[in-house]
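[1] My questions are about this predicted structure, shown below with the sequence.
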Amino acid sequence: MTDEVFAKDFPHRTAAMGEVRGYRLIEHRLSVPRLHGLHDGPDGSQVVFDDVFAQGRCELLLGDLIALADRDPSHVPRLVKLVEAVCHDLTTAFTHERRYPLSSCVPTLYADRIRPGGRLDRWYLNPGHSVVPAGGNVSALTVADLADHMITVNGRPLTINLPDIVRTTRQILTPDSSWVGGLTQGDPTEPNIADPLCWLDFALAGLNTLPGEAANLLWYLMGLGGWLVPTYQPDTYQRTMRLALPPLTTPRITHLDHHPRLRHLDIHYRWNTGPGRRAALTTALRALPDIPWHDLRPFLTLRVLGVVRPWPITTTDTLLTLIKAAELHQPSSNATEFFTQHTFETELP
C-alpha cells in the first residue's frame, strides 16, 4: 500500500460495506477522495481511499483552519470561503425541497437516539441518576431536582425540565414525520471537511434531512469542536485533527449561586470564542438555507444532549449543556439569540 492512500479500519465487513454504500450514493454529487476498494483481513476490513493530504490535494481540516484563524485573523477569509462551500453543497442537496419520512433517512444521529429506551432516555431519564454532579457550591442534582428548581440564567427565568424536553422532541421526530431531505455526507463536522473542500467519512452518507445537517454543523461549530470534544474526548480530538491545536473556545459560568433550601439556582454565563470560530459560525448561519426554527430545534436538541454523556463532565460544563438544551425549548427562543446572544470574543494571547 502506497503512502498516498488512506485505509479506514472496520471491525467487521458489514460496517465497511456501509461506508462504501454511503460513498457510492454521493460520489458524483460532492467533492470526495477516490475510492480504491474494500479489503478483508484477519482482524477486520479496510476501506481504502486516496490520501488527499499526502497527494497535496488538501492541506488542513476545517477544525485546523478554525484554530489557526483564532490565533491569526489573516486566515479568516480562507475559513469563510470553506464554510461557504460547505453550505453551498448542503443548499444544493436540498434545492428541490422534496420531503421524506424520518424513517427513510439515515437513523444513527437522530431516530436511534430519540426512540424510547435510546440514548437520551438512558442518559437523562433515570430518576436516581445525578445529571449535575456535586461540585463547588452545587449539590448533586437529579432530573427531578432540576425540573423542580427555580432557575434564572443571565437574569431571566429558565425551566430545565428534561422529561418535557425529551418528550417534546420525541413527539416531533416520529418515524412518520416529514422533512426536507437530500443525499448528503451526513456528518458535516470539523474532522470530516478538508480544505480545499473535500468531504471525508461516509458512514452516515445517504438520505439525510436539511435541519439535521444544519443542526450538526452549527452545534459542532458552537459547542462540540471548540469545547466538548477536545475537553472530554481528547483522544478523538488528537486522532481526527491534523494540527490538534488547543481550542480557544471557553464557555464558562461567571456566577453561580445554589440555594438548596429555596430550590433556586442563579446562573450567569458567557460563551467565549476566538475570531476564527466566530467567523465560521456567523458564515454558516448566513449561508445555510433558511430553516424554520421549529424544524431546527428538535435536531439541535439531539446534538446538544446526545453526543457527550453527562458524566464525567464537570458541574459547570454540565449546567452549560443543559442550559443550552433548555433555551431551545423556551417559547420565545430563536436562532439569533441561541447562537449569538452570549457569544463574545476572547482576548487572545
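    Sure, I can see it.

[2] which parts of stretch 43-61 are buried?
    Applying a neighbour-count criterion of 16 or more other CB atoms under 10 Å, one finds 45-53, 57-58, 60-61 buried in stretch 43-61. Placement of C-beta: from N, CA and C, glycine included.

[3] Going by distance to T174, which of the residues you listed wins?
    For the buried residues of stretch 43-61, the residue nearest T174 by CB to CB is V47; the value is 33.5 Å.

[4] can you confirm that closest one is in a helix?
    No: if the criterion is DSSP: H, G, I helix; E, B strand; the rest coil, then V47 is strand and not within a helix.

[5] what kind of secondary structure is Y100 in?
    Per three-state DSSP, the local secondary structure of Y100 is strand.

[6] partners of it in the sheet?
    Beta-bridge pairing of Y100 under DSSP bridges involves W179.

[7] ranges for the strands of the stretch 51-200 of the chain?
    Taking DSSP state E, counting those that start in this stretch as the criterion, the stretch 51-200 of the chain carries its strands at 60-61, 99-101, 130-132, 141-142, 150-153, 156-157, 178-184, 193-195, 198-199.

[8] mind listing what's buried in the helix or strand that contains L302?
    Applying DSSP states H and E as the criterion places L302 in helix 293-305. Applying a neighbour-count criterion of 16+ other CB under 10 Å, the buried positions in helix 293-305 are 295-305.

[9] Show me what the helix or strand following that helix is packed against.
    Next in sequence after helix 293-305, counting helices and strands by DSSP H and E, comes helix 315-328. The contact analysis (3 or more CB pairs under 8 Å, 6 or more residues apart in numbering; DSSP states H and E) places helix 315-328 against strand 130-132, helix 162-172, strand 250-259, strand 264-273, helix 293-305, helix 335-340.

[10] Make JSON lines out of these and add mean pLDDT and distance to D235.
    As requested, those are exported to JSON lines (pLDDT from 0 to 100; distance: least, CB to CB, whole Å):
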{"stretch": "strand 130-132", "mean pLDDT": "89", "distance to D235": "24"}
{"stretch": "helix 162-172", "mean pLDDT": "96", "distance to D235": "28"}
{"stretch": "strand 250-259", "mean pLDDT": "92", "distance to D235": "21"}
{"stretch": "strand 264-273", "mean pLDDT": "93", "distance to D235": "24"}
{"stretch": "helix 293-305", "mean pLDDT": "97", "distance to D235": "21"}
{"stretch": "helix 335-340", "mean pLDDT": "87", "distance to D235": "28"}
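
[11] quick one, which of those is nearest to A111?
    Using CB to CB as the measure, helix 293-305 is the one of these that comes nearest A111, at 9.6 Å.

[12] before we move on, the earlier item: now the angle between helix 162-172 and the helix holding L302, please.
    What separates the directions of helix 293-305 and helix 162-172 is an angle of 130 degrees, with axes from the mean of the first three to the mean of the last three CA atoms, to 10 degrees.

[13] which other residues reach helix 293-305?
    Around helix 293-305, the neighbours that count as contacts under CB atoms under 8 Å, 6 or more residues apart in numbering are 109-110, 113-114, 120, 123-124, 165, 168-169, 172-173, 179, 209-212, 214-216, 218-220, 223-224, 321, 324-325, 328-329, 333-335, 338.

[14] any idea which residue sits dead centre in this structure?
    Centre of the chain computed as the mean C-alpha position; nearest residue by CA atoms, centre = their mean is Y220, 3.6 Å away.

[15] so that one makes contact with P191?
    No: between Y220 and P191 there is no contact under CB atoms under 8 Å: 9.2 Å.

[16] before we move on, the earlier item: which one of the strands of the stretch 51-200 of the chain lies nearest to T283?
    If we rank the strands of the stretch 51-200 of the chain by CB to CB, the stretch that ends up nearest is strand 193-195, at 13.1 Å.

[17] Distance from the chain centre to the closest one, please.
    17 Å (CA atoms, centre = their mean, to the nearest Å).

[18] Which pLDDT value goes with F344?
    Among the per-residue scores, F344 holds a pLDDT of 41.

[19] same thing with P349?
    39.

[20] remind me which residues of the chain are low pLDDT?
    Counting by pLDDT under 70, the chain contains low-confidence ranges at 1-2, 341-349.
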